[in-house]
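Visitor: mind folding the following:
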Amino acid sequence: MPLKAHLLIVDDEANTLASLSRAFRLAGHEATVCDNAAKALELAKTQHFDLILSDVVMPGKDGLTLLEELKRQGVTAPVVMMSGQAHIEMAVKATRLGALDFLEKPISSDKLMLTVENALKLQRLESENRQLRQRLGKHEIVWKGEAMRRVMAQLERVAASESRICIFGETGTGKELVARTIHERSPRSAGPFVTLNCAAVPAELIESELFGYEKGSFTGASGRHIGKFEQADQGTIFLDEIGDMPLNMQAKLLRVLEEGEVERIGGDKPVSVNVRVVVATHRDLEARVREEKFRQDLFHRIHVFPLVLPPLRERRDDIPALVEHFAAQVCAQNGWKPVPFTTDAIEALQSHAWPGNVRELRNMVERLMLLATEGQVDLSTVQIALPKTSSGTVASADTGSGALADRVQSFEREVILAELKRSHQNMSLAAKTLGLERSHLYKKAEQLGIDLRAMRREQGPQD
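Guide: You can find the predicted model right below:
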């Protein structure tokens, strides 16, 4: 797939700017031009460029100084230097300062386009490698049971197509992870994967986020902004929580899906985009359509292939593998030694209802490893962090009836007893784990009728 790019050309010669910008636009790229280094620095602060092409010899700041300051500003776009007064020392210095390439003027059109194409491919490769390193061990669908086997079989079939996909699932079931996996197993895997959570963006900003805007199109628009759809060109855009998208934006999104083009706010012409659209929601979209909160025509556009993710309570067979995966992840992130989970600890985790699904389990695994003593996570550790019964209700039958104050008192007593047992009556350790002062824990135990002396006689004093 051809790569389209937004380039910044810096040269003090008007003819050079005109000829280069014309050549790039004919090749399908966008080009912004400026005639001095100071202006180029300002543009690089406010706009995103895929490539910067700069002359070396210019009045005021020269191109090598510009290159140094761009790197100091943290600009990641590759920089190609060009000069009509080139010599080996200049080229070596430019390369040492971080230039990707050095071209000698006059530059043939073919050589220039080849240099740009190679620079863009290299930039995309580096970006993908960064993303891969960030995702390594973090973004992986872990499953063992039948519920997810069916989902994965559907995913494999649909990933190879260009069909639009609507992912349904409760919060925390891994909808973005599934969308990313679809992209990575699709013919578009070499293209970008761009995400937007429709529920997290204010209604007045969602249009500019999706479609972008031109400089000066509204107060504060100090430069051109490329929207998510253009960023995702030749790749995949993932629109999470699409059921929360405002109705007026639904109409505009429908037009993009039908026409395959977007129009930036303040723009005077549409921009073609080649994007695969994957959406997700935790809502019942058909109910939203009946309530006239979601457009029926948009629903039919995005609902080509529905993919339903089961909640964690319906895939309990996957919990041991998920715990092992998350535990290894936590150890790698913190430089910890492996912390095993005992069989009864895993069984206790499998018995929990997990209203927050996989996301909640990931957080719980990390919490348990922080609470673990004696080099393992056992049942008592789970009972402290997750005082639930197999039915998902509060700790015990004693807390299920009676006045609220009595239930709270019974709950506190069970939590403290479990923690004292886990810490072998080490009051300092128990107090620290429970977030209490040691003296407060003694007082609380006395109030709740916990006989510390009897417990000590059974196992011997530890503190």
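Visitor: okay, CA-based contacts and neighbour counts for the rest of this
Guide: Noted.
Visitor: doesn't Leu239 make contact with Ala199?
Guide: No - counting by CA atoms under 8 Å, Leu239 is not a contact partner of Ala199; they are 9.7 Å apart.
Visitor: between those two, point out the one with more neighbours.
Guide: Leu239 (24 against 17; other CA atoms under 10 Å).
Visitor: test my guess that that one contacts Ile302.
Guide: No - assessed by CA under 8 Å, Leu239 is found out of contact with Ile302, at 10.6 Å.
Visitor: and for these two, which residues touch both?
Guide: Shared contacts of Leu239 and Ile302, defined by CA atoms under 8 Å, 6 or more residues apart in numbering, are found at Val277, Val278, Val279.
Visitor: possible to save the residues you listed as JSON lines with neighbour count, distance to Gly267 and pLDDT?
Guide: Formatted as JSON lines, these follow (neighbours: other CA atoms under 10 Å; distance: CA to CA, whole Å; pLDDT from 0 to 100):
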{"residue": "Val277", "neighbour count": "20", "distance to Gly267": "23", "pLDDT": "97"}
{"residue": "Val278", "neighbour count": "25", "distance to Gly267": "26", "pLDDT": "98"}
{"residue": "Val279", "neighbour count": "26", "distance to Gly267": "26", "pLDDT": "98"}
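Visitor: tell me the one of those nearest Gly169?
Guide: Val279 (11.4 Å; CA to CA).
Visitor: and that closest one, what helix or strand is that in?
Guide: If you go by DSSP states H and E, Val279 is part of strand 276-281.
Visitor: report all helices and strands that that strand contacts.
Guide: strand 165-168, helix 175-184, strand 236-240, helix 296-302 (3 or more CA pairs under 8 Å, 6 or more residues apart in numbering; DSSP states H and E).
Visitor: leaving out chain neighbours, which residue sits closest to Thr373?
Guide: Excluding the flanking residues, the one nearest Thr373 by CA to CA, 6 or more residues apart in numbering is Ser423, at 7.9 Å.
Visitor: now the helices for the stretch 251-400 of the chain?
Guide: 285-290, 296-302, 319-334, 343-351, 357-371, 379-385 (DSSP state H, counting those that start in this stretch).
Visitor: possible to save the shared contacts of Leu239 and Ile302 as a markdown table with distance to Gln383?
Guide: What follows is those, written out as a markdown table (distance: CA to CA, whole Å):
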| residue | distance to Gln383 |
| --- | --- |
| Val277 | 43 |
| Val278 | 40 |
| Val279 | 38 |
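Visitor: dump the residue contacts of the nearest residue to Gly212 once chain neighbours are set aside.
Guide: Nearest non-adjacent residue to Gly212, counting by CA to CA, 6+ apart: Gly227, 3.7 Å away. Contacts for Gly227 were tallied using CA under 8 Å, 6+ apart; they are Ser208, Glu209, Leu210, Phe211, Gly212, Tyr213, Arg264.
Visitor: in helices, which of these appear?
Guide: Among the contacts of Gly227, the ones falling in helices (DSSP state H) are Ser208, Glu209, Leu210, Phe211.
Visitor: and stretch 451-463, what's its mean pLDDT?
Guide: Mean per-residue pLDDT for stretch 451-463: 65.
Visitor: show the low-confidence segments of the stretch 101-250 of the chain, by residue range.
Guide: Within the stretch 101-250 of the chain, the stretches with pLDDT under 70 are 126-139.
Visitor: what about the strands in the stretch 51-200 of the chain?
Guide: 51-55, 79-83, 101-104, 165-168, 193-197 (DSSP state E, counting those that start in this stretch).
Visitor: of the ones you listed, which approaches Gln376 most closely?
Guide: That would be strand 165-168 among the strands of the stretch 51-200 of the chain, by CA to CA, at 36.3 Å.
Visitor: name the helices or strands packed onto the closest one?
Guide: helix 175-184, strand 276-281, strand 305-308.
Visitor: mind checking how far the second one is from the chain centre?
Guide: What it means is strand 276-281. The chain centre lies 15 Å from the centre of strand 276-281; the measure is CA atoms, centre = their mean, to the nearest Å.
Visitor: neighbouring strands for it, and are they parallel or not?
Guide: In the sheet, strand 276-281 lines up against strand 165-168 (parallel), strand 236-240 (parallel) (DSSP bridges).
Visitor: quick one: buried residues of stretch 173-188?
Guide: 173-176, 178-186, 188 (16 or more other CA atoms under 10 Å).
Visitor: comparing the strands paired with strand 276-281, which comes out most buried?
Guide: When the strands paired with strand 276-281 are scored by mean count of other CA atoms under 10 Å, the highest mean neighbour count falls to strand 236-240 (a mean of 26).
Visitor: show residues contacting it.
Guide: So strand 236-240 is in contact with 176, 179, 183, 188, 191-199, 228-229, 275-281, going by CA under 8 Å, 6+ apart.
Visitor: sorry, back to before: same list, the helices of the stretch 251-400 of the chain, but as TSV with distance to Thr16 please.
Guide: Listed next are these as TSV, based on distance: least, CA to CA, whole Å:
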stretch	distance to Thr16
helix 285-290	54
helix 296-302	46
helix 319-334	50
helix 343-351	67
helix 357-371	54
helix 379-385	67
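Visitor: check these for me and report the most buried one.
Guide: Taking mean count of other CA under 10 Å, helix 379-385 is the most buried of the helices of the stretch 251-400 of the chain, at a mean of 22.
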